[in-house]
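Trainee: how would this look folded up:
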Amino acid sequence: MDLILMAAELRRDEGVRYVLYYDTKGIPSTGVGRNLRASPLPAGWVYPLSDAQVDQLLNSDLANTFAQLDHSLPWWRGLDEVRQRVVANMCFNLGIGTLMTFHNTLGAMRRGAYAVAAAGMKASAWHGQVGQRAARLCQAMESGVMPDEPVVT
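Mentor: From the prediction side, this is the model:
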């Protein structure tokens, strides 16, 4: 998987903040959607964060996301790269616990029934909550092509 592209997609989808903020559920966050309740800042870090610190947090969070997916959905690595990024993006956004509640959708992904998986994603509460992000990920799941892919240099 192209980690630079994955990071660029998450930066677009989550936004980048160099200070403490509260997400839509009131969870203290920073960087690229880092949940500070689940993963506090390293000792001694202060705001505003630097670009290097935001990158370090994102890389750590991505490694954690991939490890959770490898443990809970080992088949995800067999998907093509675009669909791997869809699953990773969803896991990053929802957390592995909530992602695992998408039983039928995950089963469809595993079987390669991508239109069925996309329909399951569209029918979820998550789709209504995250709007354009979900629409883009549904389209990518169904087609295997990520619309509006960020340009990375």
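Trainee: C-alpha from now on. contacts and neighbour counts both.
Mentor: Fine.
Trainee: per-residue confidence for residue 151?
Mentor: Per-residue pLDDT puts residue 151 at 69.
Trainee: who's in contact with the residue sitting nearest the centre point of the chain?
Mentor: Computing the C-alpha centroid of the chain and ranking residues by Cα atoms, centre = their mean puts residue 89 first, at 2.2 Å. The contact partners of residue 89, taken as Cα atoms under 8 Å, 6 or more residues apart in numbering, are 6, 10.
Trainee: quick one, longest helix in the chain?
Mentor: helix 51-72 (DSSP state H).
Trainee: Would you mind pulling up the elements that that helix packs against?
Mentor: Counting contacts by 3 or more Cα pairs under 8 Å, 6 or more residues apart in numbering; DSSP states H and E, helix 51-72 packs against strand 28-31, strand 34-35, helix 81-94, helix 96-99.
Trainee: any weak-confidence spans in this protein?
Mentor: 151-153 (pLDDT under 70).
Trainee: repeat that with 90
Mentor: For the chain, applying pLDDT under 90 flags the ranges 1-2, 23-25, 147-153.
Trainee: What separation do you get for the residue of it positioned farthest from its centre and residue 37?
Mentor: Distance from the C-alpha centroid of the chain peaks at residue 44, with 27.3 Å (Cα atoms, centre = their mean). The gap separating residue 44 from residue 37 is 17 Å, by Cα to Cα, to the nearest Å.
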